[in-house]
Every structure is written in structure tokens, then in C-alpha cells.
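1. here is my input, please return the structure:
(chains A and B)
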Amino acid sequence: MSILAPVAALGRLVLSSLAMLGRMAIFAGETLSHLVRPPFYPKEFLAALMQIGWFSLPVVGMTALFTGGALALQIYAGGARFSAEAVVPSIVAIGMVRELGPVLGGLMVAARVASSIAAEIGTMKVTEQIDALTTLSTNPMKYLTVPRVLAATLAVPVLVAVGDSIGIFGGYLVGVNRLGFNPATYLKNTREFLEVWDIVSGLWKGAAFGFIVALMGCYYGMNSGRGAQGVGRATKAAVVAASVLILATNYILTEVFFSA
Amino acid sequence: MIELQDVHKAFGKNRVLRGVNLIVPSGESMVIIGGSGTGKSVLLKCILGLVHPDSGTILLDGEDVEKAARDAFLARFGMLFQGGALFDSLPVWQNVAFRLLRGSLKRPKDEAREIAIEKLRRVGLKPDVADLFPAELSGGMQKRVGLARAIAADPEVIFFDEPTTGLDPIMAGVINELIREIVTEMGATAMTITHDMSSVRAIADRVAMLHDGVIQWTGPIAEMETTPDPYVQQFTHGRAEGPIAAVR
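-> Residues are numbered from 1 along each chain as shown, chains lettered A, B, ... in the order given. You can find the predicted model right below:
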């Protein structure tokens, strides 16, 4: 084996990763270009909106509720070290709407939606349904990808808003019932220290995460390999890619929104 | 008329089509035979533009299919896929009327449903099948629905990809008869790929044998049994010995 073999392997890995990023960027560009050109498929959009938005509410709501409660306990315990227990309501609210609401909501939707989109479209590809669409004069990008990406981009900010509210409510429940906060004071502190931009920035993050989730689901579904194993790999890759991209995008957006 | 001139297609190092030349006259039923993995499906997909050939020309009535307006071109075709390729999320009638519910051939919903039920009746299915979902149908019924979808918009050209694969001999015979009847009554140009010899004998006006990426033999169905071509003889009689390697 040549001593350059490890370098060659590393080079191949870098090249294939860059090629994949390029393919994803082209796929995203094609999706955006189809987004503004007819024909449109409103029925498919509404069905995707129900699947991605409405049916994700329970999982996002439960995640937010328990996260808000745990956050209140953590901040109370940490704040007690320097007599700052009173910051619990404001930190829970800011933490939920700026970070935890969008990120955890995005990750839960990635687990639920990116996997289901990739599996559905991957199975359609394996069973030649994508080819059938084309022969029936229907562009698969327009019929399958655009409605899902648009629905996720619009639905996830709404899910984030609902998740933020439930998360803050979870903090309130723990703060009042477990940590002994006065209910009126807790709500007053939550309102006073929360700014509109805190909420709006979180919703923008939600929109970006929704776009990423649906795009990854569609990309890996459309590029699924053959058979059950191919669809399984596509599903796994879609969830992993969506999750990593959500976390990376979250950092970039936080830098953009909040760096001094 | 469909005309293929020196069509090549490779996937990586695997050269699937190595210069296919073939003419399918209008109104005739051409059946392409050949072993598994010889590129029969790739050939059909090249004609439909689902796969782009590396070189060569494919003409439909003298027009290069690569340069044709896509929607108008595809509106002339119907295709029955090997596994049916029915859309799981849609009921049977919407599968059949898919093309009639959207795009340039769009009709009012009631009219599209009526046409779908008529086409289902044509392939021997009762109207109450219309509201079922594909997962509720047997393999044979799915093939019939696929056939109904292929003919729903009265296409000029119909492709059949392994129409009897996975069916019992009786259902295979029913599908073969249906294909023959429909192609004759519609006057459509048909192209079928199969390795089922009973299908070949039931459906074909002409036969072409694809092997090693080229058309090894082509001729009328009547000549298929008598031709001395060793490839055709080995294939039609299912012999392990001959120019076609048993292990590919």
C-alpha cells in the first residue's frame, strides 16, 4: 500500500462530500425555481401542510412542555448559587423562544417528517412511481418536492410559536407549583423581559429549519438506492443531514441575529 | 413510427446499449425479448426520456425525441409499468384518470371519473373498484388498473414493461389478450418488453431480440420459430446451451 493512500482516501472523501453539497445546492435551486412557476398543486400542498404541521403538534408540544419544565428547574438550581433565582421566568422565556423552541422543534420535525418524506418518496422511486409521474406529464419536483418544502417552511414557524408558548407554560407550571413562584409575578417577569425580536428571530429560524427538513427528505428520497436497504439508507441519511444542518444553521443564524 | 439509430447508453463501466438500431412501424405491436439485465427497460426509458442516451438518435414520426416539446410528446404515450407503479395515496379512479385531472388534458372531475370507470370496465374491472386504494387490490387487478391508466387518454403509442411478470398463467393470459385487443381496437403503436414467450406469441406483430446491447435479430412473429438465428433459437426454446451465456 502506498504511503499516500490515506491522503488519497481523504481527498476522495472531501471531493465526494463537496460533490454531494453541490448536488444538494442544485436541488435546492431547482426547488426554489419551481416554487414560483406553474403548474401548482394546491391539494398536495394542503395534504403536506396537514401531515407536517397538524400531525407534528403533539410531538412538538410534548417536547416543549417537558423542556420548559426542566429549564425552569435547571435555571433555579444554577441561579441559587449566586442568589439569582428570580431570573427563572425571563430566562425560561428567552431560552425557549430564541433557542430551544426552534431547535428542538426543528429536530423533532426532522425526526418525524424528514424520515417519512424520504421513505415515501424513496419507495415511490423504487416502485417506479416517480417514472410513472413523468410519463403522465407531471414533473416530480413540482408535484412531490415543492408542496412539501413550501408546507414545511410555513408550518414549522407556527409549530415553533405553539412550542414556545407550551414551553413557557411548562416553565410556569414548574415555577409556580414546584419552586414556589407567585403566578402573577412569574407572568409579569416573563412578559417584561421578552422582546418582539426574541420571538420573531425564533420564527425565522423555524422557517429555515422547515425548509431544510423537507428539502433533505425530498433530496434523499429522490436519490434513494434500490430495494428496502436503499430506502432505509435514504431515510437515515435524510434525518442525519437535516439534524446536522439544523444545528449548523442555528449557529449561523444566531450569529447573524444576535452578534453585537 | 419509432426509429432508434445507433443508440448507446452506459452506467459507469457497464455499457448497456451498444448501438441499438430498430424501427417500430406505426400501428404495429413490437415485442422486444432478451434475458434479464440486457437493457430492455433502459431502451424503453430512453425513448420516453426518463433516461438520456449517451449517443445516437431516437425519432418519433421523424422528430428527435430529445428536442420535442416535453408535455406534448409525453401526451402521445401511455405506459404500463412492470409493478403497476400505481400511486398508493390515490384511489383507483384517480390513478386511472391522473392525466385527465391535471395538465393540458384536464377535464371536469365528474367527466374524468366517468372515463376512468369506462376504462376500468374495458379492462374487466367493476365500477366499485374505482374507490378502492391500490393496496387493496390483488397483483392481477393492479396490472389491469395500470393498463386502464395507460390507455386513459387514448395514446398513440403504448409501452408495456413486463406485463405478465408475477401473475399466474391464467391471469397472464387474460392480460395478454387484453393488450392484444386494446392495441388492435385503438390502432396504437405498441412496444412490449418481456421474456415471457406466451406473451410474445399473443401480443407481437414483430419481434426484436436484444442481446449484448444490440438488436441481434428482428422479424415478423411468424418467422421467430423458424429463424436459424442461434440467439433466438436458444432464447425461445429456453436452452442452457448456446451463444447466450447462462451466467451473466
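2. helices along chain A, start to end?
-> A:5-35, A:42-52, A:57-79, A:88-95, A:101-109, A:115-126, A:129-135, A:140, A:146-177, A:183-193, A:196-222, A:227-258 (DSSP state H).
3. out of those, deepest packed?
-> helix A:101-109 (a mean of 26; mean count of other C-beta atoms under 10 Å in any protein chain shown). No exception for glycine: its C-beta is placed from N, CA and C like everyone else's.
4. please list the outside residues in contact with that helix.
-> By C-beta atoms under 8 Å, 6 or more residues apart in numbering or on different chains, the list of residues contacting helix A:101-109 from outside reads A:52, A:56, A:59-60, A:63-64, A:67, A:152, A:156, A:159-160, A:163-164, A:167, A:202-203, A:205-206, A:209-210, A:212-213, A:243, A:246-247, A:250.
5. same deal with stretch B:88-100?
-> Contacts to stretch B:88-100, defined as C-beta under 8 Å, 6+ apart, come from residues A:47, A:129, A:136-138, B:75, B:86-87, B:101, B:105-107, B:111-113, B:115-117, B:119-120, B:129-135, B:137, B:145, B:148-149, B:152-153.
6. between the two ends of that stretch, what distance do you get?
-> The first and final residues of stretch B:88-100 sit 18 Å from each other (C-alpha to C-alpha, to the nearest Å).
7. just stretch B:44-58 next, same as before
-> 11 Å.
8. ditto for stretch A:138-145
-> 12 Å.
9. likewise stretch B:32-49?
-> Stretch B:32-49 end-to-end distance (C-alpha to C-alpha) = 18 Å.
10. again, but for stretch B:57-70
-> 16 Å.
11. name the residues of it that are buried.
-> Under the neighbour-count criterion of 16 or more other C-beta atoms under 10 Å in any protein chain shown, stretch B:57-70 has B:Ile58, B:Leu59, B:Leu60, B:Val65, B:Ala68 buried.
12. contacts for it, please.
-> Outside stretch B:57-70, the residues touching it (C-beta under 8 Å, 6+ apart) are A:137, B:1-7, B:26, B:46-47, B:49, B:52, B:73, B:76, B:157.
13. mind doing that once more with 10 Å?
-> A:134, A:137, A:139, B:1-7, B:20, B:22-24, B:26, B:43, B:46-49, B:52-53, B:73-77, B:156-157, B:189 (C-beta atoms under 10 Å, 6 or more residues apart in numbering or on different chains).
14. write the ChimeraX selection for whichever of those are buried.
-> Paste this into ChimeraX to select the buried members of the contacts of stretch B:57-70, with burial taken from 16+ other C-beta under 10 Å:
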select /A:134,137,139 /B:2,4,7,20,22,24,43,46,47,48,49,53,73,74,75,77,156,157,189
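15. which of the contacts of stretch B:57-70 fall in helices?
-> A:Thr134, B:Leu43, B:Cys46, B:Ile47, B:Leu48, B:Phe73, B:Leu74.
16. which residues touch the fifth one?
-> So that's B:Leu48. A:Asp131, A:Thr134, A:Thr135, B:Ile58, B:Val65, B:Phe73, B:Leu74, B:Phe77, B:Met79, B:Val157, B:Phe159.
17. hang on, A:Ile75 packs against A:Arg81?
-> No: the criterion here is C-beta atoms under 10 Å, and A:Ile75 misses it with A:Arg81 at 11.0 Å.
18. re earlier: of all the contacts of B:Leu48, which comes closest to A:Gly232?
-> A:Asp131 (21.1 Å; C-beta to C-beta).
19. could you give the mean pLDDT of stretch A:133-148?
-> Stretch A:133-148 shows a mean pLDDT of 95.
20. returning to what we had before: reformat the ones in helices among the contacts of stretch B:57-70 as JSON lines; add distance to A:Ala5.
-> Shown next, in JSON lines, are those (distance: C-beta to C-beta, whole Å):
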{"residue": "A:Thr134", "distance to A:Ala5": "42"}
{"residue": "B:Leu43", "distance to A:Ala5": "41"}
{"residue": "B:Cys46", "distance to A:Ala5": "39"}
{"residue": "B:Ile47", "distance to A:Ala5": "44"}
{"residue": "B:Leu48", "distance to A:Ala5": "44"}
{"residue": "B:Phe73", "distance to A:Ala5": "49"}
{"residue": "B:Leu74", "distance to A:Ala5": "48"}
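21. can you name the residue of chain B nearest chain A?
-> Of all residues in chain B, the one sitting closest to chain A is B:Ala85 (3.9 Å; C-beta to the nearest C-beta).
22. do I have it right that A:Ala48 meets A:Val149?
-> Yes: using C-beta under 10 Å, A:Ala48 makes contact with A:Val149 at a distance of 8.7 Å.
23. give me the common contacts of these two.
-> Taking C-beta under 10 Å, 6+ apart as the criterion, A:Ala48 and A:Val149 both touch A:Ile117, A:Ala214.
24. what ranges do the strands span in chain B?
-> B:2-11, B:14-24, B:29-33, B:55-60, B:63-64, B:77-80, B:157-161, B:189-193, B:206-211, B:214-220 (DSSP state E).
25. rank the ones you listed by pLDDT, which is bottom?
-> Looking at these, the bottom one is strand B:63-64 with a mean of 90.
26. which residues of chain A lie near chain B?
-> Listed as neighbours of chain B in chain A under the rule C-beta under 10 Å from any C-beta of the partner chain: A:39, A:41, A:43-44, A:47, A:120, A:123-124, A:126-139, A:143.
27. try 7 Å this time
-> A:Pro39, A:Thr127, A:Glu128, A:Gln129, A:Asp131, A:Ala132, A:Thr134, A:Thr135, A:Leu136, A:Ser137, A:Thr138 (C-beta under 7 Å from any C-beta of the partner chain).
28. show me the contacts for the first one.
-> Remark: with contacts taken as C-beta atoms under 7 Å, 6 or more residues apart in numbering or on different chains, A:Pro39 is in contact with A:Lys142, B:Arg102.
29. now do the third one
-> For A:Glu128, the contact set (C-beta under 7 Å, 6+ apart) comprises B:Phe81, B:Gly83, B:Ala85.
30. pLDDT score assigned to it?
-> Note for A:Glu128: predicted pLDDT of 93.
31. state the distance from it to B:Thr38.
-> 18 Å (C-beta to C-beta, to the nearest Å).
32. now swap in the fifth one and tell me
-> Counting by C-beta to C-beta, the separation of A:Asp131 from B:Thr38 is 19 Å.
33. count of neighbours near B:Trp217?
-> With neighbours defined by other C-beta atoms under 10 Å in any protein chain shown, the count for B:Trp217 comes to 20.
34. how about the one 3 residues further on?
-> Other residues near B:Pro220 number 11, with proximity taken as other C-beta under 10 Å.
35. now the lengthiest helix in chain B - C-alpha only, CSV.
-> Counting residues, the longest helix found in chain B (DSSP H) is helix B:169-186. The C-alpha coordinates for helix B:169-186 follow below in CSV (Å, rounded to 0.1, in the frame of the first residue of the first chain):
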residue,chain,number,x,y,z
PRO,B,169,-50.6,-18.3,-16.1
ILE,B,170,-54.4,-17.7,-16.4
MET,B,171,-54.2,-14.0,-15.3
ALA,B,172,-51.1,-13.7,-17.6
GLY,B,173,-53.3,-15.0,-20.5
VAL,B,174,-56.1,-12.5,-19.6
ILE,B,175,-53.6,-9.6,-19.6
ASN,B,176,-52.1,-10.7,-22.9
GLU,B,177,-55.5,-10.9,-24.5
LEU,B,178,-56.5,-7.5,-23.2
ILE,B,179,-53.3,-5.9,-24.5
ARG,B,180,-53.8,-7.5,-27.9
GLU,B,181,-57.5,-6.4,-28.1
ILE,B,182,-56.8,-2.9,-26.9
VAL,B,183,-53.8,-2.3,-29.2
THR,B,184,-55.9,-3.6,-32.2
GLU,B,185,-59.0,-1.6,-31.4
MET,B,186,-57.1,1.6,-30.6
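36. can you report how many residues neighbour B:Glu28?
-> Residues near B:Glu28, counting by other C-beta under 10 Å, number 18.
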